[in-house]
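Engineer: 3D model of this:
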Amino acid sequence: MNYMIDEYKALREEIMTAKERRLKTTSMTVGAFGVLLSIIANAVLGNETCTPQMQLAFSIGGGIALFGILIPSQIMNISLQQSIHRFGGYILTYLEPKLPGLNWERRWHSHKSSYGLTPGVRGIGPIYYFLAMLPLLLPIYTLWTNHLSWLWILTLSPFWVWSIILCIDMQCARSSGWKWDWQPD
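Structural biologist: Have a look, this model is predicted:
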């Protein structure tokens, strides 16, 4: 029985560590995103000697760099949330039934089921939807004000689509990593 309590404590500690890492990842992403976006905006909007084509190159290259920060952060957060979900599922399935008085995961699972909530990350999901739109703003502004070919925006489209797919997975938990063999109904 003591080994099960120790296992429970270790898993709860892993869950708390993953939650902390998820918050730090999001915080660092937002900070890095803000710094890089301000540098790109200054290069595009603050430099009057740039030609419209140079402004477009800076804004699209900057957008790719922003997605280079955003997409890995989304992947890391999804992985961390999947770990939290997996640890909680293990506790729910194997430990709580054998340890009297422990029922946090059972109650949480019941609450989520009664409200139709998925195991995804609902709290930080909207932050990533918002961040996924920002890399498009400067290229759209540059294209709009300088009457350049809108085909250039297609350069960012694959990154934007990838980011939105990750946002949906982060919120709705649809990819295979969210499922585990012992998942209760």
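
Engineer: low-scoring stretches of this protein, by residue?
Structural biologist: For the chain, the stretches with pLDDT under 70 are 181-185.

Engineer: ok, the residue nearest to the spatial centre of it - contacts?
Structural biologist: Computing the C-alpha centroid of the chain and ranking residues by C-alpha atoms, centre = their mean puts Q74 first, at 3.1 Å. For Q74, the contacting residues are 128, 163, 166-167, 170, by C-beta atoms under 8 Å, 6 or more residues apart in numbering. All C-beta spots, glycine's among them, are computed from the backbone N, C-alpha and C.

Engineer: Quick check: the farthest pair among those?
Structural biologist: Pairwise distances among the contacts of Q74 were taken by C-beta to C-beta; the largest, 10.2 Å, belongs to S163 and M170.

Engineer: Show me whatever sits in contact with both of the two.
Structural biologist: Shared contacts of S163 and M170 (C-beta under 8 Å, 6+ apart): 74, 128.

Engineer: Contacts for stretch 130-146 next, please.
Structural biologist: 29-30, 33, 37, 40-41, 44-45, 52, 55-56, 58-60, 62-64, 66-67, 70, 148-150, 152-153, 156, 159-160, 163-164, 167.

Engineer: now those residues: which count as buried?
Structural biologist: With burial judged by 16 or more other C-beta atoms under 10 Å, the buried subset of these is 29-30, 33, 37, 40-41, 44-45, 55-56, 58-60, 62-63, 66-67, 70, 148, 152-153, 156, 159-160, 163, 167.

Engineer: thinking again about what came up before, in strands, which of the contacts of stretch 130-146 appear?
Structural biologist: In this view, the contacts of stretch 130-146 have no member that belongs to strands under DSSP state E.

Engineer: Out of the contacts of Q74, the closest to P119 would be?
Structural biologist: When the contacts of Q74 are compared for distance to P119 (C-beta to C-beta), M170 comes out closest, at 10.6 Å.
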